[in-house]
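Enquirer: Sequence first, then the predicted structure, then my questions.
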Amino acid sequence: MIAAHDFYENRYASFWTAGGILFFRYKQDTVIDIEAAKCVVADRIRFQDERCLPVLCDMRGVLSVDKAGRDYLANSGSVLALAVGLLVGENVSLTVSTFYLEISKPAVPTQIFTEESEALSYLAGFLQH
């Protein structure tokens, strides 16, 4: 695990902040089960240091998400998130993300994007000045 004030990485993902937005990128071929979900949420909350931020979550590296992991992310994954932009590819992550939005009903405004620029435009509307 690598930790620094402006960058953090664990075995599932890396995250950093820029322009008031938290960037969260899952590593390639990540399988999200309950253990992975709890780990990334706990590490993200520690990294944010009680700051509420809009979150760009890059899910293009996610291979699969099981029900327990998906449910945990829907309920606890939005702590300290003002809004979430899910960045997905046009394969498994799009299917997983759409299912997540429709079934798990995340607690904060959440949208799916295939283009990072569109996700950043969406999240800019949630920046606190």
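Expert: That came through fine.
Enquirer: What does the pLDDT read for residue 120?
Expert: According to the prediction, residue 120 has pLDDT 97.
Enquirer: how much distance is there from the helix or strand containing it to the middle of the chain?
Expert: Per DSSP states H and E, residue 120 falls inside helix 116-124. The chain centre lies 14 Å from the centre of helix 116-124; the measure is Cα atoms, centre = their mean, to the nearest Å.
Enquirer: Would you mind pulling up the elements that that helix packs against?
Expert: strand 21-26, strand 53-58, strand 81-87, strand 110-113 (3 or more Cβ pairs under 8 Å, 6 or more residues apart in numbering; DSSP states H and E). C-beta coordinates here come from the backbone N, C-alpha and C atoms, glycine included.
Enquirer: For the last one, which residues meet the burial criterion?
Expert: Taking 16 or more other Cβ atoms under 10 Å as the basis for neighbour counts, the residues of strand 110-113 that come out buried are 110, 112-113.
Enquirer: now the angle from the longest helix along the chain to strand 53-58?
Expert: With residue count as the measure and DSSP state H as the assignment, the chain has helix 34-48 as its longest helix. Interaxial angle, helix 34-48 versus strand 53-58 (axes from the mean of the first three to the mean of the last three Cα atoms, to 10 degrees): 140 degrees.
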